[in-house]
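Student: A structural model of the following input is requested.
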Amino acid sequence: MESLLREQWEVQHKHAPEEVLQRWRGLCGVVKNHKRRFRFTANLSKRYEAAAMRKTNHEKFRVALLVSKAAFQFIQGMQPSDDDYTVPKQVKDAGFQICAEELESIVEGHDLKKLKQHGGVTGVADKLATDSSTGIPSEDSESLDRRRSVYGTNTFQESEPQSFWMFVWEALHDMTLMILGACALLSLIVGIPTEGWPKGAHDGVGIAASILLVVFVTATSDYQQSLQFKDLDKEKKKVSVQVTRNGYREKMSIYQLLAGDIVHLSIGDQVPADGLFLSGFSLLIDESSLTGESEPVVISLERPFLLSGTKVQDGSCKMLVTTVGMRTQWGKLMATLSEGGNDETPLQVKLNGVATIIGKVGLLFAVVTFAVLVQKMLSHKWGAHTATRWTGDDALELLEYFAIAVTIVVVAVPEGLPLAVTLSLAFAMKKMMNDKALVRHLAACETMGSATNICSDKTGTLTTNRMTVVKCCISLAVKDLSSEGSVSEMRSQLPESVLKILLQSIFNNTGGEVVVSRDGKQKILGTPTEAAILELGLSLGGDFQAERQAYKVVKLEPFNSTKKRMGVVLELPEGGLRAHTKGASEIVLAACNKALNSDGEVEPMDEISINRLKTAIDEFANEALRTLCLAYMELENGFSANDDIPSSGYTCIGIVGIKDPVRPGVPESVALCRSAGICVRMVTGDNINTAKAIARECGILTDDGIAIEGPVFRELSLEELHQLVPKIQVMARSSPMDKHTLVKHLRTTFNEVVAVTGDGTNDAPALHEADIGLAMGIAGTEVAKESADVIILDDNFSTIVTVAKWGRSVYINIQKFVQFQLTVNVVALAVNFYSACKTGSAPLTAVQLLWVNMIMDTLGALALATEPPNDELMKRPPVGRKGNFISNIMWRNILGQSLYQFLIIWFLQKHGKTFFFLHKHADSDLVLNTIIFNTFVFCQLFNEVNSREMEKVDVLRGILDNYVFVIVLGSTVFFQIIIIECLGTFASTTPLTFMQWFFSIFMGFLGMPIAVLLKRHFPVQT
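Tutor: Next comes the predicted model:
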């Protein structure tokens, strides 16, 4: 079966071609309920519609852009005029001078003419009653409500969630249940006239009641799953941005944005609404999601239009929000397009294959069973010379045979298998959310269980991301800043000229900001690295706002992970230009040819000063400190904003050493990964000595491992890569493409299942390439999160290990459920087929088989697919890329239990009447069939307990920790007692004696010692 599944039912867990998705759907020949079976798979027809709609929108937006570019030259010379626009009365009454429709047409049409008529970007800000520096001036609810009523809210239309009754309606679409419903109706039509009321209605009512029970239990389970996915979707949509409102800058949900807000955007952010560029530097916007154009667009005051849903590829800016929600380009696109659902997971497809194969076998058995039963009936009538005379009883008997055949199909087609994957994933995703991991793509949850490699960032993932400057080397002198008062002491020792240039560098060449919070306290915004350096500047007595106001920024280049540095050019008050740069210590140091000495004088760098600085860098790095170099240079007046900031000729101000302690629990988590057969590799942009020190502290770098630098890695030949890649445990000074190359080699050359962490925009290719992309929830950009499969909300490596544990749990739980369900399938088919051939009747009626189907399908999935993970999962090797899903161990358990259960049923059918002294009993057949049914059910219940462990003997360990399992087991026993003792007329059962109950339960219980026997004395090679 495994080879058949691999040939026809294998899909990639990411980016599967649509022809492959279409192929496996075409192979699903035996499907009882299309609506339910394919609910959590991609809707390919909707995707084709979406692709066509997207293409149309791309064309429309491209035309708008081309028109605006063509008109730009002509419009520049026009005189502004307000004659063409009249402010609507309701807008004027609300205190504004421009309506939402006008703003929409300006941004959507890239209409520079209209923008100029309204006084440019500042004119629009004034008409929106907002300040381009401090934002919306008032935050009282009344004024905000007025703004909402005129311009709308930043929310998007969503499809209405399905109600419970829609799930009931979908459950009723099961073809076999519809056929059984028709059988029940025919049974009532024929039974009541021939046998009278109420006796003639018992069979029909029994089947109808069973169908309703199955439908409602199925609908309840599916409805609960939908609610869990809805909650997770809400979490996925939680996005925050930096907003200035009423003079205060703070993080705010994008759904709270209003027209007139001032939004701060930087690399990796997604533009949250349509708006206009106020100020910024080197802003490049990726508009491919809207226009289809891969070339990034330069945004400036000349072309200030920013569209919702586009992404910041480079630079930073302040944006004035003009249009929100369904009025934006993105909102309109989302309203007209259907995503077409998530791709189905490999396990879903594989289990669809299992369900189809077994379904076809079951259909064959059902047809043969029906044919044998009819043949026996005809033979009996022929022998009694009544072949030409048919009564109502004959019609009822024939109908009962047909119902049994249909019910065999109900039991034989394991429709619940693919849905059990979804149930288990929904349960795991909900629990993982509590463990600080947000799963964006279903497949990642199960794929993480097969992971053999984790390529992790250092900063913030393995370390705490709470940074402080503890050492520095300023003016060629090393200072320890870890003790109290050491910063003040250094300040008193530094020459005034050095302190001035140092504070100028710290406060102007930064991606961070110091703002005043609502309580009047200073608050540092920015990355932890920037925050640490700004904190040093404040401790040295610097004033952030005074420094920023003293100099005009001519050009700013944000930090780039390829260049590994950032820079700024300032216009000095006394005249002249000065460039500052900051970044990876050895890279910036290599760009310096001069340094500040202890007297604050600039002197050329000789071998002694170079060695002193390099020694300081190595000393800091060996203490696991992150090192950055600060430098500056004087520029000639000929420099313009269009020129690149120089890459050499700098004067070194100094080196700072930033401490970022290893997160508690990380060494233990790395050790746990190693015991689980998962290789952890560190990929970082830091200095190699810093990386090695941290890696040793975490337990990543071992004696037989290799630490390599990105530039060296890039130069390796294919043959060298083949030899070195398996040994690489640390890669330092790596670029995003180095990470991508490493991941690609591990996946393709070595067939590893690779999980990769990333937080920056440039990590998107590696996250996309990896089997599982893990984005950081705190430090990660929106672009990185969008490319990821799982978002680690607390940026903690230990959470990644928890995700791996849950992934393994999902995989094992599905295997447990498959083992349990296939056992029931095999026994139910064998028993009914054997009985039909041997006795001409089936021991299990349609109602009984429906109850068995519910035990093994919906209730079995609830019990086994929701088992929480345990520590034992991380002591076994990973499945990897080519592991067998239905393993030899599972086949041993399935066939062993099936044989035992079949022999028990066979014994009861053959010798049951003698064993229970039923020959003189008036209803001996009914009593015996009730005992067979009861024994069969208890065999399944105890086998459900056996299925909790496929290899271990102790199946009861931790059983009380899974309350769902206990409730399902308890409720099944309770309803089984009700069916036997109280519902005899409808379920074709009769009350049993104490000894008969004891026998049924004991025979079921014997399945547990049989399982122990199989596990201990019939070992199977995995």
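
Student: residue ranges of the helices in the stretch 401-550 of the chain, please?
Tutor: For the stretch 401-550 of the chain, the helices defined by DSSP state H, counting those that start in this stretch occupy 416-434, 442-447, 486-493, 496-508, 528-539, 544-550.

Student: Out of those, which one sits most buried?
Tutor: Each of the helices of the stretch 401-550 of the chain was scored by mean neighbour count; the highest is helix 442-447, a mean of 26, by mean count of other CB atoms under 10 Å. All C-beta spots, glycine's among them, are computed from the backbone N, C-alpha and C.

Student: just checking, what packs against that one?
Tutor: Packed against helix 442-447, as judged by 3 or more CB pairs under 8 Å, 6 or more residues apart in numbering; DSSP states H and E, are the following elements: helix 346-383, helix 416-434, strand 772-776, helix 797-839.

Student: quick one, which of the helices of the stretch 401-550 of the chain is nearest to residue 461?
Tutor: helix 528-539 (12.3 Å; CB to CB).

Student: so which of the helices of the stretch 401-550 of the chain gets nearest residue 150?
Tutor: Among the helices of the stretch 401-550 of the chain, helix 544-550 sits nearest to residue 150 (CB to CB), with 33.9 Å.

Student: so what strands line up beside the helix or strand just after that closest one?
Tutor: Going down the chain from helix 544-550, the next helix or strand is strand 552-560, by DSSP states H and E. Here strand 552-560 is paired, per DSSP bridges, with strand 565-571 (antiparallel).

Student: In the very next helix or strand once past the strand it pairs with, which residues are buried?
Tutor: Tracing the chain past strand 565-571, the next element assigned as helix or strand by DSSP H and E is strand 577-584. By 16 or more other CB atoms under 10 Å, the buried positions in strand 577-584 come out as 577-584.

Student: Which single one of these is nearest to residue 605?
Tutor: Checking those one by one against residue 605 (CB to CB), the nearest turns out to be residue 581, at 15.5 Å.

Student: Tell me how far the closest residue to that closest one other than its chain neighbours lies from residue 580.
Tutor: In this structure, residue 581 finds its nearest non-sequential neighbour in residue 567, 4.4 Å apart by CB to CB, 6 or more residues apart in numbering. The gap separating residue 567 from residue 580 is 6 Å, by CB to CB, to the nearest Å.

Student: Mutual contacts of those two, please.
Tutor: Common neighbours of residue 567 and residue 580, counting by CB atoms under 8 Å, 6 or more residues apart in numbering, are residue 509.

Student: Run through the residues that contact residue 280.
Tutor: 265, 299, 315-318.

Student: Test my guess that residue 617 contacts residue 655.
Tutor: Yes: under the criterion of CB atoms under 8 Å, residue 617 makes contact with residue 655 at 5.9 Å.

Student: Which residues are in contact with each of these two?
Tutor: Residues touching both residue 617 and residue 655 (CB under 8 Å, 6+ apart): 585, 589, 627, 629.

Student: hmm, back to that, show me what the residue nearest to residue 581 is bridged to.
Tutor: Listed by DSSP bridges, the beta-bridge partners for residue 567 are residue 557, residue 581.

Student: Identify the nearest residue to residue 261 in space, disregarding sequence-adjacent positions?
Tutor: residue 321 (4.5 Å).

Student: Likewise for residue 552?
Tutor: Distance criterion CB to CB, 6+ apart; nearest residue to residue 552, sequence neighbours excluded, is residue 571 at 4.2 Å.

Student: Tell me the secondary structure of the residue nearest to residue 282 when sequence neighbours are not counted, please.
Tutor: Sequence neighbours aside, residue 315 is the residue nearest to residue 282 in space, at 3.7 Å (criterion: CB to CB, 6+ apart). Here residue 315 is strand, with the state taken from DSSP: H, G, I helix; E, B strand; the rest coil.

Student: of the buried residues of strand 577-584, closest to residue 442?
Tutor: Among the buried residues of strand 577-584, and counting by CB to CB, the member closest to residue 442 is residue 584, at 38.8 Å.

Student: Model confidence for that closest one, exactly?
Tutor: With respect to pLDDT, residue 584 has a value of 91.

Student: Leaving aside the residues adjacent along the chain, what's closest to it?
Tutor: Leaving aside its chain neighbours, residue 584 sits nearest to residue 564 (4.1 Å; criterion: CB to CB, 6+ apart).

Student: what's that neighbour sitting at in phi/psi?
Tutor: Residue 564 adopts backbone torsions of phi 60, psi 30, taken as degrees, to the nearest 10.

Student: tell me the pLDDT at it?
Tutor: With respect to pLDDT, residue 564 has a value of 86.

Student: What residues does it make contact with?
Tutor: Neighbour list for residue 564: 583-584, 587, 685, 733 [criterion: CB under 8 Å, 6+ apart].

Student: Number of residues surrounding the closest residue to residue 503 other than its chain neighbours?
Tutor: Once flanking residues are discounted, residue 503 sits nearest to residue 542: 4.1 Å by CB to CB, 6+ apart. Close neighbours of residue 542, defined as other CB atoms under 10 Å, add up to 20.

Student: Find the nearest non-adjacent residue to residue 679, please.
Tutor: residue 453 (5.0 Å).

Student: same deal with residue 802?
Tutor: Leaving aside its chain neighbours, residue 802 sits nearest to residue 435 (4.9 Å; criterion: CB to CB, 6+ apart).

Student: correct me, but that neighbour touches residue 801?
Tutor: No: applying CB under 8 Å, one finds residue 435 not in contact with residue 801, separated by 10.3 Å.

Student: Which one's more surrounded, those two?
Tutor: Between residue 435 and residue 801, counting by other CB under 10 Å, residue 801 is the more crowded of the two (22 against 15).

Student: rewinding a little: how about the contacts of residue 564 in JSON lines, adding distance to residue 872?
Tutor: Shown next, in JSON lines, are the contacts of residue 564 (distance: CB to CB, whole Å):
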{"residue": "583", "distance to residue 872": "46"}
{"residue": "584", "distance to residue 872": "43"}
{"residue": "587", "distance to residue 872": "47"}
{"residue": "685", "distance to residue 872": "37"}
{"residue": "733", "distance to residue 872": "39"}
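
Student: In terms of distance to residue 987, which of these ranks first?
Tutor: Using CB to CB, residue 685 comes nearest to residue 987 of the contacts of residue 564, at 68.5 Å.

Student: tell me the SS of that closest one?
Tutor: Assignment for residue 685 (three-state DSSP): coil.

Student: gap between it and residue 760?
Tutor: 9 Å.

Student: what's the overlap in contacts for the two?
Tutor: Shared contacts of residue 685 and residue 760 (CB under 8 Å, 6+ apart): residue 561.

Student: Looking at these two, which one has more neighbours?
Tutor: Remark: of residue 685 and residue 760, residue 685 carries more neighbours, 24 against 21, as counted by other CB under 10 Å.

Student: Contact partners for the more buried one?
Tutor: For residue 685, the contacting residues are 561, 564, 584, 732-735, by CB under 8 Å, 6+ apart.
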